[in-house]
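Enquirer: dropping a prediction and its sequence here:
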Amino acid sequence: MKTELKTLDNKKAGEITLPASIFGCEAREDLIARVINWQLAKRRSGTHSTKRIQDVQGTSKKPFKQKGTGNARQGSLRSPQMRGGATMHGALPRDHGYDLQKKVRALGLKSALSAKASEKKVIVLEDFALKTAKTKDLTAKLEKLGLTSALFIDGDDVNSDFLRAVANLINIDAMPTQGANVYDIMRHDVLVLSKAAIEKLEARLA
């Protein structure tokens, strides 16, 4: 699966072959959805909390006598039916994460990469090297490439000047291959890879 190799200035630098084992798979939406749901569940803070009856401050004395008032009997002002009382079966702090098989996670990543490749939304660059760490300079290069929403994935490390320049841009993100994930790939319009990233992805997903 051949594609054009470009520079960051949108100049042709040759051709490169995308591994069919990664970019030529069936793009299974069910696996992509499962992995995204798993990622988002792990990101949830789980700090939501409500007060149970033992957490509500107040007396344990009966608000009024059992009989003779004409009102329904009450045992405590801290009961859930009373104003300012407890919440029964309410949310408590917990971990929303759950396990997902490594095989499913790997297939989900392959499906996401293949989906972008089938939509012709994968760009391969020689590298992400910048002479200056200025956002203005990077913005000009992105305009040449026609990118408004893109995820840049590099090899083991992303060029430090590129990271500084991209930090203030909306809908433009960069990460090393180790951080490549289904959610970030799918939420950006275009996937931009370096030559090193393709080698690392092939080794990771082999």
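Expert: Right, received. Where do you want to start? Numbers count the residues shown, from 1 in each chain.

Enquirer: please work out which residues outside the helix or strand that contains residue 115 touch it.
Expert: Under the criterion of DSSP states H and E, residue 115 resides in helix 102-118. If you take Cβ atoms under 8 Å, 6 or more residues apart in numbering as the criterion, helix 102-118 is touched by 1, 18, 21-29, 31-32, 34-36, 38, 122, 180-182, 185-186, 190-191, 201, 205. Just so you know, the C-beta spots here come from the backbone N, C-alpha and C atoms, and that holds for glycine as well.

Enquirer: buried sites along that helix?
Expert: For helix 102-118, a neighbour-count test (16 or more other Cβ atoms under 10 Å) marks 105, 107-117 as buried.

Enquirer: next SSE downstream of that helix?
Expert: Following helix 102-118 in sequence order, the next helix or strand is strand 122-125 (DSSP H and E).

Enquirer: mind exporting the C-alpha coordinates of the helix holding residue 115 to PDB?
Expert: This file holds the C-alpha atoms of helix 102-118, laid out as PDB (Å, rounded to 0.1, in the frame of the first residue of the first chain):
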ATOM      1  CA  LYS A 102      -4.800  -6.900  24.800                       C
ATOM      2  CA  LYS A 103      -5.800  -8.600  21.600                       C
ATOM      3  CA  VAL A 104      -9.000  -6.500  21.400                       C
ATOM      4  CA  ARG A 105      -7.000  -3.300  22.100                       C
ATOM      5  CA  ALA A 106      -4.500  -4.100  19.400                       C
ATOM      6  CA  LEU A 107      -7.300  -4.900  16.800                       C
ATOM      7  CA  GLY A 108      -9.000  -1.700  17.700                       C
ATOM      8  CA  LEU A 109      -5.900   0.300  17.000                       C
ATOM      9  CA  LYS A 110      -5.400  -1.500  13.700                       C
ATOM     10  CA  SER A 111      -9.000  -0.800  12.800                       C
ATOM     11  CA  ALA A 112      -8.600   2.900  13.600                       C
ATOM     12  CA  LEU A 113      -5.400   3.100  11.500                       C
ATOM     13  CA  SER A 114      -7.000   1.200   8.600                       C
ATOM     14  CA  ALA A 115     -10.100   3.400   8.800                       C
ATOM     15  CA  LYS A 116      -8.000   6.500   8.300                       C
ATOM     16  CA  ALA A 117      -6.100   4.900   5.500                       C
ATOM     17  CA  SER A 118      -9.200   3.800   3.600                       C
END
